[in-house]
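Chemist: One predicted model, sequence on top.
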Amino acid sequence: MLLLGNVLVAVVAMLHVYFLVLEMFLWTKPLGLKTFRNSIEKANDSAVLAANQGLYNGFLAAGLIWGLVHGNPAFAFQIKTFFLLCVIVAGAYGAATVSRRILYVQAAPAALALIQLWLA
């Protein structure tokens with residue numbers, strides 16, 4: 001059960017690395033425009049903000065990876081719990097303020113990983 005929880009944590013971490021790449025490097029490119037349903041004008045105007053948002057997603061990924069590789073299982077559990085809760089809160093806020101899709105893409109996978117960790 002712990003292995004499955006850690007796999008889910010790794011999936012959430014990789015999603016946030018992907019979000020980092022989308023927001024920092026692909027925001028004004030075709031994939032970024034399509035993903036976020038932006039026009040090139042809107043994307044150009046918001047590129048600096050998107051890059052900042054991408055950086056924060058990178059911090060979330062780094063925290064989750066730290067939790068996966070930490071040698072002390074009890075502290076690793078606390079690290080993963082904290083960062084998964086951060087992802088859930090960020091996803092809930094994004095769903096409330098930007099798009100309901102964020103709830104399913106960001107918050108739901110983190111909630112599943114957190115539940116699995118707590119059951120392990």
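Modeler: Structure's in. What do you need?
Chemist: confidence score at Met1?
Modeler: On pLDDT, Met1 comes in at 83.
Chemist: got a list of what the most centrally placed residue in the chain touches?
Modeler: For the chain, His16 is the residue whose C-alpha lies nearest the centre (C-alpha atoms, centre = their mean; 3.5 Å). By C-beta atoms under 8 Å, 6 or more residues apart in numbering, the contact set of His16 is Asn57, Gly58, Leu60, Ala61, Leu64, Val87. Every residue, glycine included, has its C-beta placed from N, CA and C.
Chemist: Filter those residues down to the ones in helices?
Modeler: Asn57, Gly58, Leu60, Ala61, Leu64, Val87 (DSSP state H).
Chemist: and the gap between the closest residue to the last one other than its chain neighbours and Ile40?
Modeler: I take that to be Val87. The shortest distance from Val87 to any non-neighbouring residue, by C-beta to C-beta, 6 or more residues apart in numbering, is to Ala110 (3.9 Å). Look at Ala110 and Ile40: by C-beta to C-beta, to the nearest Å, they are 31 Å apart.
Chemist: Those two: which is more packed in?
Modeler: Ala110 (27 against 11; other C-beta atoms under 10 Å).
Chemist: what helices or strands is the one helix or strand the more buried one maps to leaning on?
Modeler: Here Ala110, judged by DSSP states H and E, is contained in helix 108-119. Packed against helix 108-119 by the contact rule (3 or more C-beta pairs under 8 Å, 6 or more residues apart in numbering; DSSP states H and E) you find helix 2-24, helix 73-97.
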